[in-house]
Structures are given as structure tokens and as C-alpha cells.
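Q: Sequence below, structure please.
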Amino acid sequence: MIRRRVAIGLGLGTLLAVGSASVALDLKSRDDAALVDHTMEVLQKSSDLRLLLRQVESASRAFALTADDRFVAEFQDARQRVPAALADLLHAVNDNAAQVTRLTSIDEVVKRRLDLSGRLIQLRAANNQAALDNLLAGGPGRAAMATITATLDAFNAEERRLLAARTETSQRTGAWLLMIDLAGVGVLLLIAAYLIRRAYMSDRTLRSSLSRSQATAMSLEAQALQQRGELAVAYDELRRSSAILENTFNSMAEGVLVVDPDGTIVLSNPAVGDFLGTQTGRTFAQMVVENRFFENDGITPIPDDDLPIATALRGLSFDRREVVVKPADGRAQARLMVSGRPLRNSAGAISGAVLVYHDVTEVHETERLLQQAQKLDAIGKLTGGVAHDFNNMLTIITGSIEVLIDTVQDRPAAAELAALISRAADRCTELIRHLLAFARKQPLRPRDIDVNATVQDIAKLLRPTLGEQIEIKAILAEEELVAHVDSAQLANSLVNMAINARDAMADGGKLLLETQSAALDATYAAANPGVVPGRYIMVAVSDTGSGMPQEVQNRAFEPFFTTKEAGKGSGLGLSMVYGFAKQSGGHVKIYSEEHRGTTIRLYLPPAQTAEQVAAEPDIALPTGHETILVVEDDPLVRSFVLAQLQSLGYTTLSAARGREALAIVDGDQPFELLFTDVIMPGGVSGRQLAEAVQAKRPSVRVLYTSGYTDNAILEHGQLLSEALLLLTKPYRRAELAQMVRRALSPASPAPLRPA
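A: Here you go, the predicted structure:
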């Protein structure tokens with residue numbers, strides 16, 4: 001009995017000692033696990049802060065590209081959350097002075113990065129493109145983001161080091177705890193063996209022990225069944241979450257690609273397959289064979305070791321790198337914005353890379369079209385200004401040469417020279433008209449015309465002009481198509497397009513003229529800046545010629561741009577077509593592929609009514625004796641007009657500004673006709689002057705002249721209302737005499753009323 005008690009006492013003492021050690025180590029293991037969990041939480045908070053900063057940057061840049069207000073809301077939300085996230089991260093590491101110092105060092109950098117992103121949105125909202133380009137070119141935002149990224153990378157590296165050390169300590173403590181538990185189990189087994197041996201000596205003790213064992217077994221079985229049910233529920237929840245994540249990943253518009261250190265694709269979604277034709281299991285080398293990669297200019301090839309995947313696998317992180325991908329299998333090229341990050345294991349070694357591809361092909365094309373439209377508009381303004389000044393000089397030249405011809409009729413050599421000058425002036429006049437057509441500043445005389453009839457007439461005219469090697473076919477709409485445009489300019493545009501088509505078919509081919517009613521929707525208008533959605537009449541000129549490469553299409557409407565040999569083309573044909581279409585409130589579009597021909601579609605505004613207006617008859621050229629008030633700011637042009645009118649028998653008054661003319665009106669000098677320029681300096685335009693004159697003298701007639709105008713007067717291609725008279729610079733004496741007599745005749749338009 002005494003030996004049994006001693007043995008049991010020794011066993012219990014050993015067990016208590018083992019239990020105490022186990023409890024102490026268990027507490028330490030829990031502390032180590034808590035430190036590991038805290039480190040993981042710090043890493044997560046750091047990741048959240050980095051994500052918020054990237055969201056701020058991407059939202060501001062997206063707004064700068066698209067001006068979509070939803071990106072402003074996204075930017076504001078992320079910006080407001082950044083300070084709290086940074087403060088939360090600082091609080092989480094307040095017991096680590098080195099980490100606190102790292103985070104505090106980028107506090108001002110983070111504020112500066114947020115301010116730069118806000119400034120980017122403000123400049124884009126104010127349409128301050130120059131400042132916006134300057135801000136983007138300077139790169140302060142990228143420099144700030146690089147500083148933040150480097151600091152956070154160092155911060156995360158330190159936390160990962162702490163995580164690895166704490167994990168190792170926790171594992172070591174767990175091993176000691178396991179050994180102590182095993183020792184305790186051993187002691188228990190020894191005590192159990194001793195008790196079992198003693199149980200043979202007592203049948204009652206044996207039955208009692210058996211009953212307890214059965215009860216314990218039943219309890220363990222019940223626990224096992226409960227745990228099995230809980231595992232089944234957890235598995236179902238895991239499977240549902242996995243399905244949600246998989247569907248979300250596969251539905252993303254951005255392409256996601258994950259590769260291992262060897263460049264083998266381990267994970268990809270359908271979007272990146274559309275961009276690069278990749279799939280899981282393929283290698284980086286195979287992707288390079290199937291696709292050609294270029295810098296954002298689309299021309300400079302990217303070396304294999306500088307491709308986004310190779311860059312990320314070298315351990316470098318980058319954001320929004322723009323590349324152009326041209327698949328070798330003939331698929332359309334794509335312009336992609338790529339962001340990449342290396343993946344690292346717990347030891348810090350590179351274990352792969354993840355890349356995100358965003359398709360910006362459509363955005364880039366829209367920007368290109370907008371820039372092209374802005375460039376053409378700028379060229380048009382410059383062209384219009386030059387043509388305006390040249391018009392004034394040419395008016396004097398063309399008018400004076402007629403007087404010179406009459407003076408030297410008895411001198412054949414001088415007369416021939418004067419005639420040569422006159423022909424050169426005629427060519428200059430035609431050149432100026434083409435330039436004004438491109439600049440959308442030519443005076444138009446729009447009326448309702450039958451487009452089908454005009455195309456038929458042009459087709460007949462073109463047959464002898466283009467030659468027998470060109471087959472001409474017209475396919476006209478069955479319905480009546482009536483457009484409100486200048487018929488002469490439409491005919492001129494069709495002839496220019498046909499001649500361009502002929503030059504593209506040196507060995508012969510087919511020319512097709514088509515008409516039809518068309519509707520341009522908001523989507524088309526969004527992709528073609530300057531187009532107003534609505535109904536149009538479409539006239540298409542198609543050829544089977546050599547076609548145009550993209551770089552030629554981009555410049556086809558620029559004045560003086562031509563692909564013909566020197567001396568064989570002025571480069572003004574299509575620019576005149578472009579200006580006529582825009583000034584008429586229409587649109588022109590080129591569709592072309594090399595070696596597959598070209599189609600130029602001209603969209604014209606339809607008439608409000610289907611009634612066709614008859615052409616105005618010619619008026620005779622009588623002289624007169626009435627008094628005419630001439631208002632012209634250019635002194636040379638004014639002197640020329642006065643001399644011509646006086647030679648035709650008229651009495652003249654003159655003024656250089658609208659206010660000088662109003663002073664004459666306030667006096668007692670009578671006059672029957674006001675002959676005024678449309679655009680004049682001094683604050684009073686020709687239109688305002690005419691309204692003031694007719695308010696005081698209702699019987700006075702008005703004749704306008706113009707060699708330059710702007711959008712304040714132009715209304716859908718009309719210089720003035722159809723009821724008013726306009727004499728276009730440069731003009732000859734015969735044209736001046738006709739228009740003056742027409743303005744003074746009883747059948748001339750009624751006194752001016754607002755159009």
C-alpha cells in the first residue's frame with residue numbers, strides 16, 4: 001500500500017512539473033502567435049495604404065484622359081481615406097521606432113502626391129491642356145509615387161523579416177511544447193499501466209474503468225460527428241467563395257497574368273488571352289514569338305529583356321507603361337497600359353510576377369482623331385488669315401489689270417504681258433478660293449438641290465474627263481434626296497474626289513458614285529469629333545485604286561499635302577472638300593486600305609423641304625448715276641472700289657470705319673446704296689452698320705463684300721441670309737457692276753431684317 005502511494009505520488013509530482021512547464025510554454029506560444037498575427041495585420045494595412053494611393057493616382061489620370069466625372073468621385077473617396085490609413089498603420093507599429101521613422105518620412109510626400117493628383121483633375125476640368133501637359137511631362141507625381149513605393153517596400157521588407165523571425169520562434173516554442181506534452185503523456189501512460197496492473201486485482205475497479213472508457217468513446221464519436229458536419233459547411237462556403245472569385249476574375253475587362261520565375265504562365269483570365277493570345281502553361285518565349293511588342297509610338301521595337309514580364313521578373317515594379325502589341329496571327333493590334341509587380345516568397349526571393357493589362361486602344365484613337373481635328377482647325381485659321389490679306393491685294397491687282405489692258409491695247413507686247421498677268425491673277429483667285437474652302441470661310445450660296453440629279457450630271461461630265469480606262473457607275477437612292485448646300489461647291493467637290501480616284505487607278509479601274517439617306521448616331525459622333533448626330537444625305541465616291549496608308553489618311557485633308565510628283569498636284573482638292581463639308585454643316589470620312597481601294601463619304605445636311613430652288617438668272621451690266629457709300633477698312637481696296645464705281649458713272653462717299661459711316665448718315669448727304677465690308681475693326685461690323693443705316697434711312701439698299709469672315713457670321717455654312725447680296729473678294733469690274741446694279745434695281749432684296 002505504501003509503495004503504491006509513493007509511486008502514485010511520484011507520478012503525480014512529475015505530471016504536475018510537466019504540466020507547469022507546458023502551461024508556461026503554452027502561454028509563450030500564444031504570445032508568439034499573437035505577434036505573428038499582428039505582423040500579418042501590419043502588412044495588410046501597408047498593402048491597403050499602397051492600394052489607396054494607386055487608386056488616387058489612377059482615378060486622377062483616368063479623369064485627365066476621359067473627363068468622366070465618376071473618376072472624380074473615386075478620387076475624392078480614396079483621397080479622404082489615405083490619411084486615416086496612414087495613421088492606422090503608424091499606430092500599428094508604434095512600438096517599433098525604426099518603422100515609425102520610415103512612415104513619418106513619407107508623410108509630406110504622400111500629401112504632395114495627393115495635391116498633385118488633385119491639381120491634375122483641376123487642370124483637366126478647366127481644359128487647361130498646356131498646364132496639364134506640362135504637369136504630366138514634368139513627372140513630379142511619378143517621382144513622389146516612386147519615393148512612397150520605395151519606402152513602403154522597405155517597410156514591408158522589415159515587417160516580413162520580423163514575421164519570419166517570429167514565425168521561427170513560434171515554431172520552436174511549439175516543438176518544445178510538443179516534447180513536454182509527449183513527456184506528460186508518457187507519465188500518464190506509466191500511471192495508467194500501474195493502475196491497470198492493479199485493476200487485475202480488483203474486478204470492481206475493472207468494471208468501473210470499462211464503463212468510463214465506453215462513455216469516453218461515445219463522447220469522442222459525438223464530437224467527431226459534429227466536427228464532420230462543421231467541415232462540410234466550411235467546405236461548401238469555401239467552394240462558393242471560390243466560384244465567386246473565379247467568375248469575377250474571368251469577367252474582368254483588365255487582363256491579369258501571373259507567371260512563375262521561369263516565365264511560364266500559371267494564371268490568366270480571358271481578357272489577357274484576347275490581348276496576347278496567352279493561356280496557362282505557355283511560356284514567355286512562346287508569347288514573344290506570337291506577338292511583337294513596340295513602344296507607345298508603335299514603331300520602336302521593345303527588346304525581349306525590356307518587356308513588361310522580363311522587367312517584373314527582375315524585381316522591378318512599374319505602373320501604366322504603354323505598349324503596342326501586334327499579334328503575328330493577323331489579329332488587330334492593341335494599345336495596352338501595363339502595370340507589373342514581382343512576387344516574392346517569405347525569404348524575399350522572386351517567386352514570379354503579376355501583370356495587369358488595360359486596353360486603351362479606343363481611348364488613344366479618340367485622342368488621335370481629336371488632335372487631328374484640332375490641327376486642321378488651327379491650319380484653317382492660319383489659312384483664312386493669309387487668304388484674307390491676299391484677297392485685299394488681289395482685288396486691287398485684278399481690278400487694275402483690266403484698266404491696264406484697256407490702256408495698252410495699241411501696244412501688242414504690253415497687251416500680251418498684261419493678259420499674262422490677268423491669267424496669273426485668275427489662277428491666284430482660284431487658289432484663294434480653295435484655301436478659303438478649306439478654312440471654312442468661303443461665301444456659300446446654299447439652296448435646296450436634288451442630290452441625285454447633281455450626281456447624275458457629274459457622272460456624265462466625268463466620262464470623257466477620266467478616260468475610257470475608268471468604268472463609271474452610279475447607284476442612286478430610289479427616294480428623292482434634297483440637300484441644302486451650294487450646288488456649285490458640291491459639284492466641285494465631287495469632281496475633285498473623282499480626279500483623286502483616277503490618279504489612284506493608273507492602270508484603270510472602276511469608279512462608283514452612290515447616294516443614300518443616312519443617320520449618324522451619338523456613338524459615331526463620339527468617335528468623330530465635330531459630328532452632330534442626326535439625319536444626313538450621304539454621297540460616296542469609291543474607287544478600286546491603290547488605296548491610302550494610315551499616315552496618308554491622317555493628312556489627306558491638309559492643304560498642300562499631296563503624294564503626287566512635283567508639279568502634278570496642288571494638294572488642295574481634298575482640303576477644299578473638307579472645308580465645304582464642314583462649312584455646310586456636314587461631315588466627310590475616308591475609308592481606305594492599301595491595294596484595296598478608297599471610299600470617301602460626304603455627309604450633307606438635308607433640306608427642310610423637298611422643293612428645289614431654281615438658279616438665279618444672270619443680270620445685265622448697266623451703268624448708273626446713284627450715290628454709293630463705300631465702307632472699307634483697307635485703304636488700297638477702298639481706293640480701287642471708289643475708282644471703279646466712279647468709272648461706271650456713280651457718285652461715291654467713303655468711310656474707313658463703321659463709326660465714320662454713321663457720322664455721314666447723321667449728316668445731310670443722301671445716298672441710295674451702302675456697300676460695306678462684313679468684318680471691320682472699330683467695334684461696328686458691316687451687319688451692325690447696315691441695321692443702323694436702315695433704321696434711319698429705310699429706303700437705302702445694302703450690298704455686302706467679304707474676303708474673310710468668322711464663325712460669328714457663319715451659320716451652318718451660310719455667310720448671310722439668302723435674301724441678302726454678297727460680292728466675294730477678289731472681284732472684277734464686271735462683277736462689281738452687275739452686283740451694284742442688282743442691289744439698286746427695284747427687284748433687289750427688301751431692306752435688311754435680322755436673319
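Q: Helices along the stretch 251-400 of the chain, start to end?
A: 270-276, 284-290, 308-313, 361-407 (DSSP state H, counting those that start in this stretch).
Q: now the strand or helix carrying residue 217: mean pLDDT?
A: Using DSSP states H and E, residue 217 maps to helix 203-251. Average pLDDT, helix 203-251: 77.
Q: and if you look at stretch 296-310?
A: 83.
Q: buried sites along that stretch?
A: Neighbour-count burial for stretch 296-310, counted by 16 or more other C-beta atoms under 10 Å, picks out 302, 307, 308, 309, 310. Where C-beta positions appear, they are placed from N, C-alpha and C, glycine not excepted.
Q: Can you name the residues that contact the first one?
A: Right, residue 302. Counting by C-beta atoms under 8 Å, 6 or more residues apart in numbering, residue 302 touches 293, 294, 295, 323.
Q: rerun at 10 Å
A: The contact partners of residue 302, by C-beta atoms under 10 Å, 6 or more residues apart in numbering, come to 288, 292, 293, 294, 295, 308, 310, 311, 321, 323, 324, 325.
Q: Quick check on those residues: which are buried?
A: The neighbour count (16+ other C-beta under 10 Å) marks 288, 293, 294, 308, 310, 311, 321, 323, 324, 325 as buried among those.
Q: The third one against residue 323, yeah?
A: Spelled out, that is residue 294. Yes - under the criterion of C-beta atoms under 10 Å, residue 294 makes contact with residue 323 at 6.8 Å.
Q: Next, show the common contact partners of those two.
A: Residues touching both residue 294 and residue 323 comprise 302, 335, with contact defined as C-beta under 10 Å, 6+ apart.
Q: Quick check: closest non-adjacent residue to residue 32.
A: residue 170 (3.7 Å; C-beta to C-beta, 6 or more residues apart in numbering).
Q: Check residue 469 too.
A: Of all residues not flanking residue 469 in the chain, residue 508 sits nearest, at 3.4 Å (C-beta to C-beta, 6+ apart).
Q: Just give me the neighbour total for that neighbour.
A: 14 (other C-beta atoms under 10 Å).
Q: Please apply the same query to residue 349.
A: By the measure other C-beta under 10 Å, the count of residues near residue 349 is 11.
Q: Quick check: it vs residue 477, distance?
A: Per C-beta to C-beta, to the nearest Å, residue 349 is found 71 Å from residue 477.
Q: again, but for residue 725
A: 35 Å.
Q: Equivalent analysis for residue 505, please.
A: Distance from residue 505 to residue 477, by C-beta to C-beta: 25 Å.
Q: So for these two, which sits in the more crowded spot?
A: Using other C-beta under 10 Å, the more surrounded residue of residue 505 and residue 477 is residue 505, with 21 against 16.
Q: Confirm that one sits in a strand?
A: No - Residue 505 is assigned coil when assessed by DSSP: H, G, I helix; E, B strand; the rest coil, not a strand.
Q: That one and residue 337, how far apart?
A: 42 Å.
Q: do residue 127 as well
A: Residue 127 sits 23 Å away from residue 337, taking C-beta to C-beta as the criterion.
Q: more crowded one of the two?
A: Legend: neighbour count by other C-beta under 10 Å for residue 127 and residue 337, higher for residue 337 (21 against 8).
Q: That one contacts residue 357, doesn't it?
A: Yes - using C-beta under 10 Å, residue 337 is in contact with residue 357, at 7.4 Å.
Q: shared neighbours, these two?
A: Shared contacts of residue 337 and residue 357 (C-beta under 10 Å, 6+ apart): 254, 323.
Q: With distance to residue 449 as extra columns, can I get the contacts of residue 302 in JSON lines?
A: Listed next are the contacts of residue 302 as JSON lines, based on distance: C-beta to C-beta, whole Å:
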{"residue": "288", "distance to residue 449": "58"}
{"residue": "292", "distance to residue 449": "51"}
{"residue": "293", "distance to residue 449": "53"}
{"residue": "294", "distance to residue 449": "48"}
{"residue": "295", "distance to residue 449": "50"}
{"residue": "308", "distance to residue 449": "57"}
{"residue": "310", "distance to residue 449": "63"}
{"residue": "311", "distance to residue 449": "61"}
{"residue": "321", "distance to residue 449": "54"}
{"residue": "323", "distance to residue 449": "50"}
{"residue": "324", "distance to residue 449": "46"}
{"residue": "325", "distance to residue 449": "48"}
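Q: So which of the residues you listed is the closest to residue 244?
A: Among the contacts of residue 302, residue 308 lies closest to residue 244 (C-beta to C-beta), at 28.7 Å.
Q: Starting from residue 314, give me the distance back to that closest one.
A: With C-beta to C-beta as the criterion, residue 308 and residue 314 are 11 Å apart.
Q: Common neighbours of the two, please.
A: Common neighbours of residue 308 and residue 314, counting by C-beta under 10 Å, 6+ apart, are residue 353.
Q: Can you give me the pLDDT of residue 652?
A: At residue 652, pLDDT is 92.
Q: so it is in which element?
A: Under the criterion of DSSP H and E, residue 652 resides in strand 651-655.
Q: strand partners of that strand, parallel vs antiparallel please.
A: strand 627-631 (parallel) (DSSP bridges).
Q: Quick check: buried residues in the partner strand?
A: The neighbour-count check on strand 627-631 (16+ other C-beta under 10 Å) flags 628, 629, 630, 631 as buried.
Q: before we move on, what about stretch 472-483?
A: Within stretch 472-483, the residues scored as buried using 16+ other C-beta under 10 Å are 472, 474, 476, 477, 481, 482, 483.
Q: any chance of those in JSON lines, with pLDDT, distance to residue 101 and secondary structure too?
A: Conversion of those to JSON lines gives the following (pLDDT from 0 to 100; distance: C-beta to C-beta, whole Å; DSSP: H, G, I helix; E, B strand; the rest coil):
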{"residue": "472", "pLDDT": "86", "distance to residue 101": "82", "secondary structure": "strand"}
{"residue": "474", "pLDDT": "86", "distance to residue 101": "81", "secondary structure": "strand"}
{"residue": "476", "pLDDT": "89", "distance to residue 101": "81", "secondary structure": "coil"}
{"residue": "477", "pLDDT": "88", "distance to residue 101": "77", "secondary structure": "coil"}
{"residue": "481", "pLDDT": "89", "distance to residue 101": "77", "secondary structure": "coil"}
{"residue": "482", "pLDDT": "90", "distance to residue 101": "79", "secondary structure": "strand"}
{"residue": "483", "pLDDT": "87", "distance to residue 101": "74", "secondary structure": "strand"}
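Q: Specify which member of the residues you listed is nearest to residue 252.
A: residue 477 (45.4 Å).
Q: Next up, the contacts around that closest one.
A: 451, 452, 455, 514, 515, 516, 517, 518, 537, 538.
Q: before we move on, the earlier item: how far does the helix holding residue 217 sit from the chain's center?
A: Relative to its parent chain, helix 203-251 has a centroid offset of 58 Å by C-alpha atoms, centre = their mean, to the nearest Å.
Q: Can you list the helices and strands that that helix packs against?
A: Judged by 3 or more C-beta pairs under 10 Å, 6 or more residues apart in numbering; DSSP states H and E, helix 203-251 is in contact with helix 140-199, strand 265-268, helix 270-276.
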